[in-house]
Structure formats: structure tokens, C-alpha cells
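Colleague: The following block contains a protein sequence and its predicted model.
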Amino acid sequence: MPNLSQAKWWQDAVIYQVYPRSFRDSNGDGIGDIQGVIQSLPYLASLGVDAVWLSPFYKTPNKDGGYDVEDPRDVDPMFGTLGDAERLISAAHGLDLKVVFDVVPNHFSSEHKWFKEALRSAPGSKERSRFHFYDGKGVDGNVPPNNWNSLFNGPAWTRVIEQNGELGQWYLHLFDSSQPDLNWENPEVLEDFKTTLRFWLDRGVDGFRIDVAHGLAKEDIHIDHRNPDALIRALRVESSDLTKEERISLLTDIPFFDRDGVHEIYSEWRKVIDEYSGDRMFVAEAYIYPTSRLARYVRPGELHQVFNFDFLLIEWSASAIQEAITRVLSELEEAGAPPTWALDNHDSPRVVSRLKSEKKARALAMVAHALPGSLYIYQGEELGLPDGEIAPEFRQDPAFIRSAGKDLGRDGARVPLPWEADEKNFGFSTGTSWLPQDPSYKNYSIDLEEADHASFLNLYKTSLALRKKHLGLGGDSVLEWPDSPEGVVYFKRSGGFILLANTTAESLEVNIRFAATIILQSAEGASITGSIVRIPADTTLWLQQ
Ligand code: GLC
């Protein structure tokens, strides 16, 4: 990591992800909105985060929670107005919080004016060349141009009705049929995205999270996949019917992800962001295997950060945790980029539900908070929220709809936040919440957790404050790994900071061979006698030498 004088804010920032429709509703329509975020900024500042990232609030028919963008340079009325977005940026800046917006370049919504024009235009037209339109194969062209599947189930191609009323060409959509993939070989697409980036940069945003950043180049569109059904199962984390070797072999070669062409696109984007002062940044969502290829996205002249999803998937196991940390640090060191860590996001089961344990989730969070680089926190993670139980009739995720309910989808992690235990919808909205909240969410309400010194929320507040104090800007990224008993994560950072995590179900003793004091523990019950540290089961300790 660079020294203090060169450090950029994002290199060790804590960035809080807001999923706007589930955060806070200011106008009683049951859907969270930008005003709700503005009103809640003091809460975010009180957490000790450095920045807020908002998932999309752009004009959208909302078939995929706003990741189906109809106009990337306007705000959907459901979320507010362009003026609200501008006020959000200045209010956040007023509280010393940076602002990161989402940009969705793999696809537009089928309601975008370009796609409507494409449908009205003839095969081979310039309007169609902004997307991937192809004739079908087989008799009457009734077989899709290739055999790829949508990540949300079913084929990745939909056939259109031409102006003459007859079945015509097919268009590609890696996600829902309402999300046609853009053709990045068409220079108009790049120009349009440059305009969008400048539109928001001019309004003061400090960075962008790039959705499906690894998907833009479709160089191999004419290549069928050897096993498209298994590939989709491999992309799903919970695909239990595949062996590890089968998954790895499928994930290593995906014809629509991580093609070389994406890098030319990001070199162009980098030039745009570099026109602006003030350390603006890009972070890429790139779910790729092997993770060593992530470093290619953060080479000089490309993006600033790339998400690493290890902690979103990791087991509560000392060896797995040590392996992931050392691998990620060494892979990114090569590119000179700081790592990123995340336990949760709007696409994954919440960590408490995934690990089936609040105690383990608290302990894992304290490992993540102690690592070099930047940390992404998904709304509600700081409360220890579990996934919501949702009846099928309320589910909205296109992955649920396209699989006829076989894939439960991601709504469980999108249930609106509980703010005040005794209010309607626990203070989220005075109307009818777009997704029902579990009655159990009451116990996780922000007002209750604020008042309870042992709460998840207060653990997060304390750990983020200590992180800043002990591990702040300018800290190096070197971790030292002394020998430790099996089941214990043990590392040291410069400045005498020590982390010990006992991932076993028994309490354990570790002789650290010097005196230290405990500065934070994820659960009660730790003690030090001389140089012997006693760590309760499933507990992480931070010590200072
Ligand atoms: C990303 C988003 C996810 C969305 C998908 C398609 O993975 O995080 O929510 O469904 O892209 O845009």
C-alpha cells in the first residue's frame, strides 16, 4: 500500500451499500427512496463508514430491482427526482461521506428507447447493432443462435416479432428477457456510457460500482457451450450436485465472461474518470474464476478496485480463511491494487443465515474488519439481520419467476430494514412494505440495537472506530502468520495489532509469547494470563501488543 501522502480515500475505505427500495421510505408508498436515504445519512455517519454506495435508482420498469435501466441519466419516480439525487450527493458530502453510484453496462432495460427503436427497425439496421440480434438456426430459424442459458434460468435468447407480424430474429440476454445485452463492439455504446459517467461525475459522485463488469465483451458469441445447464448450476453457489472439480472446470471457461475485450473498454472509462479531480474511483463486480484473473481488472490504466467474493462464500474454518486472505493479498499485490472484503450483498444470502449462527457471523466480521484494503458493508449486515422468510406470492426476483420457484432467488436478503421496533413496518414505511418483514425483524431494529451495548450494531461501531485508529490510512498490507493451533486464525499487523479467531466449537488457549491487551472481542469470555490467551469457541479477538 502507498504511504500516507499518496493514499487515496478508497484504498482503505469502509463503504456502506444501500439497496434503495429496502432502505427507508419517506413518502409512504411502501418503497424506499432517495429522500429516505438523505434522512438517514446521520445514521450512516454514526456507524463510522467513509462512503455510501447506492444500488440503482435510475428510471426502470423494475423487473430486476432497478438493474434493468430504462434511462441511466434520470431517476425513477419511485425513488424520487434528479434533484433528490443531487441533494443526496451534497448532503453526504456535508457529512464527509463519499458517494458511489451503480453503473449497469452489460444491458439496458427492454424499455430503453434504443431497444424500442431496435424492435421497430429491420434486421441488420444500425438500431439493432447496439444489441446482439441474430437470425436463428434450424428450419425457419426457430433454434436460438447459440445454446447459452440465462443466469436467471431458461435460454439466454428471446425471439422477436418483426414489423410484418412474423417471427424474426433473436436477441441475447444473459439475465432476464427484459434486460437485452448491449453490443460493446458498437462505438455508440461506449460513447453513451461516457456521457452517463460524465453526467454523474459532473454532479459530484466519487465513484461507480460496475455491474457485471466481466460480461461486456461477447467475442465468442458463435460458440456453443459444452454443458450450458451445468454451467448455470456451477455459477450458483449452492449447486450441490456438482463436485468441486466439475465446478472449477466449468467456471474456468465461460464463453460470455471475462473475455479480453473488456479491458479495452475499461481503459477508455479510466480516461474519462481521470478527467476529474478528487480521487474518483471504479469498483468492478466481476465474479470470475480463477480469482488470479481479477488482478487484470485493476492494472494501471484500468479500474481501481475489484470485489473479491471470498468472504461471501467462505466457511467458518481457520484454514479456509487463511488460504483466502493470503491468496487475495498476493494476487492483488502484483497489480498494486488494494483488496476489498464483503460478507454480504443484495445478491447473496445474508451471512448470519449462511453460517446459521450470529456468533460465527460476528466473529467472521471481526476478521474482515481487521484486513488491509477496503470493506463493503451491506445494509442490515451491521444489525446481524438474517434473511427474511418470504411467501412465494410476494417474491419478485426474476430468478425465482423464470425458474418457476425452483430457485428461491435473492429476495430474502432484500427485505426492508427495521428502524424502530414499535412503529408500523418497524419504521421502514408508513405504507405497505413492498416485501413483508418477518416479525422477528423487530428484535433487530436500529433503535433497540443502539440501546444495547452488546448488540451487533455496537460491535460494528466499535470495530470500525478501532479499525480507523489502529489500521487506518497508510497502514501496510503485510500480515504476519505466526504458528497457531489447528482451528485458529492468527495474524499480526504492523503497530502491534494481533488477531486471533477460534473457529472451533471448544474454547482454546494460545501462547502468544508476549504481553498484550484485548481491545475487542466478538463474544464475551476471553482472558489473558501472562502470554496465554484463552479464546472462547467461535470467537475473534483483537489484541494490542
Ligand atoms: C448484478 C447485480 C444483480 C443483477 C445482475 C443483472 O449481478 O448485482 O442484482 O441482477 O447484475 O444486472
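Modeller: Thanks, I have the structure now.
Colleague: and whatever residue of the stretch 51-200 of the chain ends up closest to the ligand, how many neighbours?
Modeller: In the stretch 51-200 of the chain, the residue found nearest to the ligand is residue 67; the distance is 3.4 Å by Cβ to the nearest ligand atom. No exception for glycine: its C-beta is placed from N, CA and C like everyone else's. Look at residue 67: counted by other Cβ atoms under 10 Å, it has 24 neighbours.
Colleague: Do you know the pLDDT at it?
Modeller: pLDDT for residue 67: 98.
Colleague: Now do the SS call for it.
Modeller: Using DSSP: H, G, I helix; E, B strand; the rest coil, the structure places residue 67 in coil.
Colleague: Tell me how far residue 335 lies from residue 223.
Modeller: 29 Å (Cβ to Cβ, to the nearest Å).
Colleague: Those two: which is more packed in?
Modeller: More crowded of residue 335 and residue 223, by other Cβ under 10 Å: residue 335, with 17 against 12.
Colleague: List the contacts of the residue of the stretch 51-200 of the chain closest to the ligand.
Modeller: Residue 67 makes contacts with 55-56, 102, 104, 175, 179, 211, as judged by Cβ atoms under 8 Å, 6 or more residues apart in numbering.
Colleague: Any chance of a markdown table for those, columns distance to residue 277?
Modeller: Listed next are those as a markdown table, based on distance: Cβ to Cβ, whole Å:
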| residue | distance to residue 277 |
| --- | --- |
| 55 | 26 |
| 56 | 26 |
| 102 | 22 |
| 104 | 26 |
| 175 | 35 |
| 179 | 34 |
| 211 | 26 |
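Colleague: Narrow the residues you listed to those in strands?
Modeller: Counting by DSSP state E, the contacts of residue 67 place residue 102 in strands.
Colleague: Can you tell me which of the contacts of residue 67 are also in contact with the ligand?
Modeller: Checking the contacts of residue 67 against the ligand by Cβ under 6 Å from any ligand atom, the ones in range are 104, 175, 211.
Colleague: With adjacent residues omitted, what lies nearest to the last one?
Modeller: Spelled out, that is residue 211. Leaving aside its chain neighbours, residue 211 sits nearest to residue 104 (4.3 Å; criterion: Cβ to Cβ, 6 or more residues apart in numbering).
Colleague: Might one say that the one you found is in contact with residue 56?
Modeller: Yes - Residue 104 is in contact with residue 56 according to Cβ atoms under 8 Å; the separation is 6.2 Å.
Colleague: Now for these two: what residues contact both?
Modeller: 67, 69, 211.
Colleague: could you measure whatever residue of the stretch 301-450 of the chain ends up closest to the ligand against residue 412, distance?
Modeller: Using Cβ to the nearest ligand atom, residue 347 is the residue of the stretch 301-450 of the chain that sits closest to the ligand, at 4.8 Å. According to Cβ to Cβ, residue 347 and residue 412 sit 11 Å apart.
Colleague: sorry, back to before: what's the pLDDT at the residue of the stretch 301-450 of the chain closest to the ligand?
Modeller: For residue 347, the predicted pLDDT is 96.
Colleague: for the ligand, what are the nearby residues on the protein?
Modeller: Selection of the chain residues close to the ligand by Cβ under 6 Å from any ligand atom yields 64, 67, 104, 175, 211-212, 285, 346-347.
Colleague: ok, and the most crowded of the residues you listed?
Modeller: Neighbour max across those (other Cβ under 10 Å) = residue 104, 26 neighbours.
Colleague: what's that one sitting at in phi/psi?
Modeller: The phi/psi pair for residue 104 (degrees, to the nearest 10) reads phi -120, psi 90.
Colleague: Same question for residue 484.
Modeller: When quoted as degrees, to the nearest 10, the phi and psi of residue 484 stand at phi -150, psi 160.
Colleague: For it, which non-adjacent residue is closest in space?
Modeller: residue 490 (3.7 Å).
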